[in-house]
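J.: coords below, sequence missing:
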């Protein structure tokens, strides 16, 4: 696609509607595996849990991959999604930069100058994020299945429940989750892990790609 075609392509409209779910995707800069270390994944989930309450954006499910993040979220009111994502990316970027020592003499990652833009600024995330509006339970379940199977398709595990950085084992085996979740539908309640009981019967995550 040419630059001209990109410039005239219409911007996809995002419906930030109270209580509706959004399937969120954002990636590491140049799709580098900057989340390969477990500490980086914990940073992403820790800030997700904190900011979910702060911004009143409920988390239904998620997966943290080495080079990108997916989450299914439900804002409690309109107009909350963009600020929530901006804060999540900004705060995790700062923490990951500090942990990995990117661009400093102490940097031990293999990324070198690939994390720098043309102006020399270091980045953890790609600039944009991609929200997909989810209006039905069926579509929400489809997105959860897609997220949970990401590590299997990437060859990281054979069973979605073996990937500790997603909600697969919570939904399928009832295991504790480090992020407080909200229900896939109905009232959005913060402060405790909910959501499994009213979706688990609908959710079918295979142990390996079909």
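T.: That came in fine, so what should we check first? As the structure is a prediction and not an experimental result, all values here were calculated from the model.

J.: Going by C-alpha atoms from here, please, whenever you check contacts or count neighbours.
T.: OK.

J.: quick one: contacts for residue 143?
T.: Residues counted as contacts of residue 143 (Cα atoms under 8 Å, 6 or more residues apart in numbering) are 23, 72.

J.: do you know how far it is from residue 85?
T.: Note on residue 143: its distance to residue 85, by Cα to Cα, to the nearest Å, is 18 Å.

J.: what's the answer for residue 107, then?
T.: Using Cα to Cα, one gets 27 Å for the distance from residue 107 to residue 85.

J.: out of the two, which sits in the busier spot?
T.: In this comparison of residue 107 against residue 85, neighbours counted by other Cα atoms under 10 Å, the higher total goes to residue 85 at 20 against 15.

J.: next helix or strand past the lowest-mean-pLDDT helix or strand in the chain?
T.: Evaluated with mean pLDDT, DSSP states H and E, the helix-and-strand set of the chain has its lowest mean pLDDT in helix 3-8, which scores a mean of 40. Using DSSP states H and E, the helix or strand that follows helix 3-8 in sequence is strand 21-27.

J.: buried sites along the longest helix belonging to the chain?
T.: Residue-count comparison of every helix in the chain, with assignments taken from DSSP state H, identifies helix 81-100 as the longest. Burial within helix 81-100, assessed by neighbour count using 16 or more other Cα atoms under 10 Å, is assigned to 81, 84, 85, 88, 89, 91, 92, 93, 95, 96, 97, 100.

J.: Against which helices or strands is it packed?
T.: Other elements packing on helix 81-100 under the criterion 3 or more Cα pairs under 8 Å, 6 or more residues apart in numbering; DSSP states H and E are helix 38-55.

J.: Which other helices and strands does the helix or strand just after the helix it packs on contact?
T.: Using DSSP H and E, the next helix or strand after helix 38-55 towards the C-terminus is strand 57-64. Contact analysis of strand 57-64 by 3+ Cα pairs under 8 Å, 6+ apart lists helix 38-55, strand 68-75, helix 137-153 as its packing neighbours.

J.: got the contact list for the first one?
T.: When contacts are defined by Cα under 8 Å, 6+ apart, helix 38-55 is touched by residues 34-35, 57-59, 64, 80, 84, 87-88, 91-92, 95-96, 99, 165, 178-180, 190-191.

J.: any low-confidence regions in the protein?
T.: Judged by pLDDT under 70, the chain has its weakly predicted residues at 1-19, 192-210.

J.: where's residue 153 relative to residue 41, distance?
T.: From residue 153 over to residue 41 the distance is 19 Å, taken as Cα to Cα.
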